[in-house]
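1. coordinates for the following, if possible.
(2 chains)
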Number of protein chains: 2
Amino acid sequence: MGREKNAALIYSGGLDSTTMLYEYASVISLAINFSYGSNHNAEERRCARYHCEKLGIELIEIDLPFVKNHFESSLLSGAESVPDGEYSDENMSSTVVPFRNGIMLSVAAGVAESKGLKTIMMANHGGDHSIYPDCRPEFIEAMSKAIATGTYAGIQLEAPYTNLTKKDLALKGLKLGIDYSMTYSCYRGGIQPCGRCATCLEREKALSEAFKEMQLKNN
Amino acid sequence: MGREKNAALIYSGGLDSTTMLYEYASVISLAINFSYGSNHNAEERRCARYHCEKLGIELIEIDLPFVKNHFESSLLSGAESVPDGEYSDENMSSTVVPFRNGIMLSVAAGVAESKGLKTIMMANHGGDHSIYPDCRPEFIEAMSKAIATGTYAGIQLEAPYTNLTKKDLALKGLKLGIDYSMTYSCYRGGIQPCGRCATCLEREKALSEAFKEMQLKNN
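-> Got it, this is the predicted structure:
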């Protein structure tokens, strides 16, 4: 990616994409926050606004009401439908919003082409692979080609965290001084994260491992 | 494609996708009509409802309000913004809605996965290639791979008109006995088609050539 400031980031306000927002702030000119009517979108959006304002990056908020109307997912069905447990558990597949990344990337590609931007970015990482097919390298590669061939500007998709772990991201963020208390991930969507759903457990683990690694290096 | 009835068609209500609805009625179990707030969506939707009801195919109507809010296109800016003339004219690029097919295909993939369908279909054809990058074979091929890898069911994209002309489609439709007076294409969106925009001219030419060819064969 060049050093020009002409990238749009798909930005939820969670740990992963907030890390990308800070790491690539010099090339990101637009953040796009999507709400598909899930339990946690409102809290995420509050965090997204906070960081974009802090970094002086324009934020567009796009609602996708058709997802709630026509898609099946426990993310869309109220907090009590979200299962406890880790992503590796079989019951986590109920939290999938089908082809979510394909939809967000396509809309972002259209927005980017409309606004003369050259790149779109997404913060999928290696920990997502086991459960979400639209986070895996083969999807990213094919979607990248679809976006490049389907736009006049040959818009590029960059997903530089695809093969990193969430701990790698947390470590980047701690070094960058990101205030992760102002990021939100819990699938249940309460003002206080539940601490029991897969995304709470994964986040907690990544942050505590990253803290330990930082301390070991500093000692 | 198998003979099971498990495909979703992206269905505008225009000549191309109406032809596909009739030709593949035995495998299409769901039609998805999108409105992105363009001049002509309302008239198209009226036609889409007519044919789906006639064939007994379920129709879902999905609005994409973000397109009007964040995208640039003369299709979205009132009838007087649509230029006169043919698709080959340079001014026709103003009618492009950036990455429209990528967006509709992604949403359709999510809906199909939610509903247990195995295939999505689109009626892009060869005449679209010159102006719309997201109608060309290389886009279809890449998007097809993105959808197959990004969904659990490995949903297939079928676009069997990709290398046909609009006249080929009109000829199919006339043989199938489709009432094309109940399809709508005009980019200006009036109750009566304008007869001067690219889509009116292209439609008129395809239908008149197809009629001639039918008559020659019948004599």
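2. and the helices in chain A?
-> A:15-23, A:41-55, A:65-70, A:100-114, A:137-150, A:166-176, A:198-218 (DSSP state H).
3. ok, and the closest non-adjacent residue to A:Val111?
-> Of all residues not flanking A:Val111 in the chain, B:His70 sits nearest, at 5.2 Å (CB to CB, 6 or more residues apart in numbering or on different chains). Where C-beta positions appear, they are placed from N, C-alpha and C, glycine not excepted.
4. surely A:Ile178 and A:Glu23 touch.
-> No. In this structure, A:Ile178 is not within contact of A:Glu23 by CB atoms under 8 Å, at 9.2 Å.
5. most tightly surrounded among the helices of chain A?
-> Most buried of these, by mean neighbour count (mean count of other CB atoms under 10 Å in any protein chain shown): helix A:100-114, with a mean of 26.
6. so what secondary structure elements neighbour it?
-> Packing contacts for helix A:100-114, counted by 3 or more CB pairs under 8 Å, 6 or more residues apart in numbering or on different chains; DSSP states H and E, involve strand A:7-10, strand A:28-35, strand A:58-63, strand A:119-121, helix A:137-150, helix B:65-70, helix B:100-115, helix B:137-150.
7. spatially central residue in chain A, please.
-> A:Ser17 (4.4 Å; CA atoms, centre = their mean).
8. on that earlier part again, and the residue nearest to A:Val111, how far from B:Met182?
-> Remark: distance between B:His70 and B:Met182 (CB to CB, to the nearest Å) = 33 Å.
9. what of A:Gly154?
-> For A:Gly154 relative to B:Met182 (CB to CB), the value is 39 Å.
10. need the contact list for the closest residue to A:Ser29 other than its chain neighbours.
-> Take A:Ser29 and drop its neighbours on the chain: the residue closest to it by CB to CB, 6+ apart is A:Lys5, 4.7 Å away. Shown in contact with A:Lys5 (CB atoms under 8 Å, 6 or more residues apart in numbering or on different chains): A:26-29.
11. what's near enough to touch the residue nearest to A:Tyr184 when sequence neighbours are not counted?
-> Of all residues not flanking A:Tyr184 in the chain, A:Glu43 sits nearest, at 4.4 Å (CB to CB, 6+ apart). Contacts for A:Glu43 were tallied using CB under 8 Å, 6+ apart; they are A:13, A:184, A:186, A:189-191.
12. next, format those residues as CSV and append pLDDT and neighbour count.
-> Converted to CSV, the contacts of A:Glu43 look like this (pLDDT from 0 to 100; neighbours: other CB atoms under 10 Å in any protein chain shown):
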residue, pLDDT, neighbour count
A:Gly13, 94, 26
A:Tyr184, 83, 25
A:Cys186, 82, 24
A:Gly189, 81, 20
A:Gly190, 81, 11
A:Ile191, 81, 9
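13. tell me which of those residues is nearest to chain B?
-> Nearest to chain B among those, counting by CB to the nearest CB, is A:Gly13 at 18.0 Å.
14. coming back round to it: check the contacts of A:Glu43 and tell me the two furthest apart.
-> Spatial extent of the contacts of A:Glu43 (CB to CB) is set by the pair A:Gly13 and A:Gly190 at 15.3 Å.
15. separation between A:Leu174 and A:Phe211?
-> A:Leu174 is 7 Å from A:Phe211, by CB to CB.
16. A:Ala108 now?
-> Taking CB to CB as the measure, A:Ala108 falls 32 Å from A:Phe211.
17. pLDDT weak spots in chain A?
-> Filtered on pLDDT under 70, chain A yields the residue ranges A:1-3, A:75, A:77-80, A:87-94.
18. returning to that earlier point: in a markdown table, list the helices of chain A along with distance to B:Met122.
-> Shown next, in a markdown table, are the helices of chain A (distance: least, CB to CB, whole Å):
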| stretch | distance to B:Met122 |
| --- | --- |
| helix A:15-23 | 30 |
| helix A:41-55 | 29 |
| helix A:65-70 | 18 |
| helix A:100-114 | 13 |
| helix A:137-150 | 12 |
| helix A:166-176 | 36 |
| helix A:198-218 | 34 |
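19. so which of these gets nearest B:Cys197?
-> helix A:100-114 (21.3 Å).
20. so what's A:Cys197 closest to, chain neighbours aside?
-> Excluding the flanking residues, the one nearest A:Cys197 by CB to CB, 6+ apart is A:Tyr187, at 4.5 Å.
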